[in-house]
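Enquirer: This is a predicted model, with the sequence first.
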Amino acid sequence: MIRVNLLGTKEPAAGGAVLEQGFGGGEASEKKGVVAGIAILGLAVGAIAVQWLAATREINQLDESINQLTQEKARLAPIIAQVEEYKKKLAELEEKEKLIERLKSERQGPVMMLDALSAELPDFVWLTELTQSGKAVTIDGMAASLVSVADYIRKLEDSDWFQGVELINAEVDNRQEQEFTKFQLRSQLVTPQSANETQPAAAAAGAR
């Protein structure tokens, strides 16, 4: 008698085996994804670590450079202070030299002015008083005649020390046996250098 197994018990077993094999393949793919994620994370951490090490090395180098510069500054500080002190002393000496030169000029100015006044005196003219206020000079004197006074004015104008000489007053004094002319002049005192500079300007103004 022949029996036919219509339930197919083996087939479900075989099917189950096939089903089990399908579930086993999905689990392996999931493990590969996890491994790949861990690898990527490790690479990222490694890259961050490399950058951090490079930044730390650069910071250390900068700190070392700053320390060296600080030490160099501390070493040069006394030298810099000494140089500044020398500059200050040099400036003081220059100011003193300028003051001395100015005092010499102011001291020699009146002497040379008096020499110029005396050198330009014509015959029969003498001075009685001299007043100076800044650059303005007032000259009082006596002369034998107005002609002598005019001659003196011309000579002062030709001098390098006087400019703009003008007659303020002139009167005859007949209280003595011989008549004399009392006169008063006013002028601007200049140095020869400034006189040479102002004379061309005065000539140009006169030409206009």
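Expert: Sure, I can see it. Numbering: from 1, shown residues only.
Enquirer: Longest strand of the chain, counting residues only.
Expert: Longest strand in the chain, counting residues (DSSP state E): strand 162-173.
Enquirer: counting contacts, what elements does whichever helix or strand comes after that strand pack onto?
Expert: Once the chain leaves strand 162-173, the next helix or strand it forms, by DSSP states H and E, is strand 180-189. Strand 180-189 is packed against strand 136-143, helix 146-158, strand 162-173, with contacts defined by 3 or more CB pairs under 8 Å, 6 or more residues apart in numbering; DSSP states H and E. C-beta here means a position set from N, CA and C on the backbone, and glycine is covered the same way.
Enquirer: Try it again at 10 Å.
Expert: helix 10-119, strand 125-133, strand 136-143, helix 146-158, strand 162-173, helix 192-207 (3 or more CB pairs under 10 Å, 6 or more residues apart in numbering; DSSP states H and E).
Enquirer: For the ones you listed, give me JSON lines that also has mean neighbour count and mean pLDDT.
Expert: What follows is these, written out as JSON lines (neighbours: other CB atoms under 10 Å; pLDDT from 0 to 100):
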{"stretch": "helix 10-119", "mean neighbour count": "10", "mean pLDDT": "77"}
{"stretch": "strand 125-133", "mean neighbour count": "13", "mean pLDDT": "89"}
{"stretch": "strand 136-143", "mean neighbour count": "18", "mean pLDDT": "91"}
{"stretch": "helix 146-158", "mean neighbour count": "17", "mean pLDDT": "91"}
{"stretch": "strand 162-173", "mean neighbour count": "14", "mean pLDDT": "88"}
{"stretch": "helix 192-207", "mean neighbour count": "11", "mean pLDDT": "46"}
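Enquirer: Redo those as TSV? Include distance to Q184.
Expert: Converted to TSV, the helices and strands packed on strand 180-189 look like this (distance: least, CB to CB, whole Å):
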stretch	distance to Q184
helix 10-119	14
strand 125-133	9
strand 136-143	5
helix 146-158	10
strand 162-173	4
helix 192-207	22
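Enquirer: closest to L185 out of those?
Expert: Of all those, strand 136-143 sits nearest to L185, with 4.3 Å by CB to CB.
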